[in-house]
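Undergrad: everything below, folded, please.
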Amino acid sequence: MADLTTNCGGIISPNPFWLASAPPANSGKQVMRAFDAGWGGAVWKTLGQPIQNVSSRFGATNYGGTAAIGFNNIELITDRPLDVNFAEIAEVKRLYPKHAVIVSLMVETRQEWQDIIKRSIDTGADGLELNFGCPHGMCERGMGSAVGQEPRVNEEITSWAKEYSSIPVLVKLTPNVGDILPHGHAAQRGGADGVSLINTIKSIISVDIDRFVPNPRVGSMSTNGGYCGAAVKPIALHMCGQLARDPGFNIPISGIGGVTNWRDAVEFMLLGASSVQVCTEVMLKGYRIVEDMIEGLNEYLDEKGFASASEIVGKAIPGYSEWGNLDLNYETVAKIDSESCIGCYKCVVACHDGAHQCIHPNPDDARVPIVDEDECVGCNLCQIVCPVPDCISLVEVANGFAPASWNEHLNEGAVLRPKKGSH
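TA: Numbering: from 1, shown residues only. The predicted model follows:
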């Protein structure tokens with residue numbers, strides 16, 4: 001069995017699965033139950049000057065029979081006294097010395113940062129996470145994403161934290177920016193031991209069409225909140241990969257955003273994350289989901305022949321490039337397995353109305369459509385809409401053209417194969 005021990009910016013945990021800073025990590029009793037279930041670490045719900053939260057505060061998007069595929073919250077940082085939080089953190093660390101306890105922090109002034117960092121260190125915590133990502137409530141007060149969106153401020157406050165901290169410091173980045181790179185580099189320049197990303201995405205989850213107010217409703221009003229859950233994973237993977245592949249960025253990443261199972265976690269790790277944080281799926285299904293995550297990761301590592309989880313960190317980065325470097329002469333066409341096809345014709349409709357009009361009804365067999373391979377561009381849409389697993393496959397075509405990218409075509413005159421599907 002592979003070694004799952006994780007080192008993320010100097011924070012050691014028995015496995016890469018951490019609770020993200022959120023309601024599931026709001027108290028000592030919760031975190032201890034999570035550790036008993038198997039979680040390797042927990043980022044405590046953000047500490048600062050305690051606030052008053054609203055009711056209600058959560059919303060969700062259901063789609064295609066899946067409940068809460070997207071989740072939204074307008075909850076702020078801890079509403080529990082700091083003395084209580086610090087006492088519970090110390091108790092958790094005393095009882096679970098081998099698990100990672102990271103304290104998430106968000107305050108305003110330099111003096112407040114110094115004070116709260118000292119109190120966090122005194123608990124015996126393993127690390128700090130600076131919350132520069134919250135997109136609602138706190139940003140109006142000059143904290144959260146208001147800091148995360150300004151590289152200069154990010155760098156300055158990070159440098160304060162590093163000055164005052166004797167334990168590792170992670171910076172939690174906001175996705176509410178046009179380009180994540182300047183913000184990751186700002187944290188690195190400030191001395192951060194690592195970054196965590198993404199925080200939630202500024203959003204309105206839905207609108208109550210009877211009361212004429214957005215959700216979640218607080219009386220007769222609402223506000224924008226933070227979007228998370230399974231639906232945000234593609235955005236989070238992109239930002240994680242963008243930082244990990246950047247040659248000037250060289251500090252560890254804790255990946256967050258839409259992790260629901262071990263496969264999601266592996267994807268983050270392959271794109272550069274050393275640890276993986278989970279919130280929404282725990283809120284929906286409870287702490288025990290980590291059991292399947294640990295089992296799945298172990299089986300995956302054993303199957304692939306890896307001795308440790310750390311060996312897969314960044315393995316997909318060499319395969320993540322710019323569009324101009326992709327091989328334009330690589331060609332695939334769709335093939336339909338006549339044995340498993342159920343004749344639903346979803347591929348025909350999708351291809352004709354949304355793609356390249358190359359899949360047609362078969363005049364000789366009403367059940368199995370036919371693919372006009374001379375027109376098929378291998379776009380994948382038919383495979384995506386097909387309800388039968390492995391019924392449609394994309395098969396590589398040996399077209400006789402040497403690999404050539406757009407950049408090679410422009411700079412070196414490389415020959416590109418003729419276009420298809422342009423009738």
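
Undergrad: all contacts plus neighbour counts: C-alpha atoms, from now on.
TA: Noted.

Undergrad: now do the lengthiest helix in the chain: which elements does it pack against?
TA: Counting residues, the longest helix found in the chain (DSSP state H) is helix 289-304. In terms of contacts (3 or more CA pairs under 8 Å, 6 or more residues apart in numbering; DSSP states H and E), helix 289-304 is packed against helix 262-270.

Undergrad: now with 10 Å, please.
TA: Judged by 3 or more CA pairs under 10 Å, 6 or more residues apart in numbering; DSSP states H and E, helix 289-304 is in contact with strand 17-19, helix 28-37, helix 262-270, helix 280-285.

Undergrad: show me how far the longest one is from its chain's centre.
TA: The chain centroid and the centroid of helix 28-37 are separated by 23 Å, computed with CA atoms, centre = their mean, to the nearest Å.

Undergrad: may I see the buried residues of that helix?
TA: 28, 31-32, 34-35 (16 or more other CA atoms under 10 Å).

Undergrad: thinking again about what came up before, which of the helices and strands packed on helix 289-304 comes out lowest on mean pLDDT?
TA: For the helices and strands packed on helix 289-304, the weakest mean pLDDT is recorded on helix 280-285, namely a mean of 94.

Undergrad: which helices and strands does it pack with?
TA: With contacts taken as 3+ CA pairs under 10 Å, 6+ apart, helix 280-285 sits against strand 66-73, helix 289-304.

Undergrad: give me the distance between that helix and the centre of its chain.
TA: 15 Å.

Undergrad: and what of stretch 195-203?
TA: Distance, centroid of stretch 195-203 to centroid of chain: 8 Å (CA atoms, centre = their mean).

Undergrad: pLDDT on that stretch, on average?
TA: Across stretch 195-203, pLDDT averages out at 91.

Undergrad: buried stuff in that stretch?
TA: 195-203.

Undergrad: straight-line length of it, end to end?
TA: End-to-end distance for stretch 195-203: 23 Å, by CA to CA, to the nearest Å.

Undergrad: now do the same for residue 167: its pLDDT.
TA: So residue 167 comes in at 98 (pLDDT).

Undergrad: in contact with the nearest residue to residue 30 once chain neighbours are set aside, which residues?
TA: With sequence-adjacent residues excluded and distances taken as CA to CA, 6 or more residues apart in numbering, residue 30 is closest to residue 24, at 6.6 Å. Shown in contact with residue 24 (CA atoms under 10 Å, 6 or more residues apart in numbering): 30-31, 34, 42-45, 278-280, 282-283, 286-287.

Undergrad: quick check: phi and psi at residue 24.
TA: Backbone torsions of residue 24, given as degrees, to the nearest 10, read phi -70, psi -10.

Undergrad: farthest from the middle of this protein: give me that residue.
TA: residue 364 (47.4 Å; CA atoms, centre = their mean).

Undergrad: residue 94: neighbouring residues, count only.
TA: Using other CA atoms under 10 Å, residue 94 is surrounded by 13 other residues.

Undergrad: returning to what we had before: looking at the helices and strands packed on helix 289-304, which is closest to residue 102?
TA: Among the helices and strands packed on helix 289-304, the nearest to residue 102 by CA to CA is strand 17-19 (9.5 Å).

Undergrad: that closest one: how far from the chain's middle?
TA: For strand 17-19 - counting by CA atoms, centre = their mean - the centre lies 13 Å from the chain centre.

Undergrad: which elements pack onto it?
TA: Using 3+ CA pairs under 10 Å, 6+ apart: strand 17-19 touches helix 28-37, strand 41-47, strand 100-105, strand 253-256, strand 273-278, helix 289-304.

Undergrad: give the pairing partners of that strand; include direction for each.
TA: With DSSP bridges as the test, strand 17-19 is paired with strand 41-47 (parallel), strand 273-278 (parallel).

Undergrad: which pLDDT value goes with the spatially most central residue of the chain?
TA: In the chain, the residue lying closest to the centroid (CA atoms, centre = their mean) is residue 257, at 2.8 Å. pLDDT recorded at residue 257 is 96.

Undergrad: that one and residue 267 touch, don't they?
TA: No: using CA atoms under 10 Å as the test, residue 257 is too far from residue 267 to be in contact (11.4 Å).

Undergrad: where does pLDDT dip in the stretch 51-200 of the chain?
TA: Within the stretch 51-200 of the chain, the ranges that satisfy pLDDT under 70 run 51-52, 57, 133-148.

Undergrad: returning to what we had before: what residues are shared contacts of residue 257 and residue 267?
TA: In terms of CA under 10 Å, 6+ apart, residue 257 and residue 267 are both contacted by the residues 233, 237.
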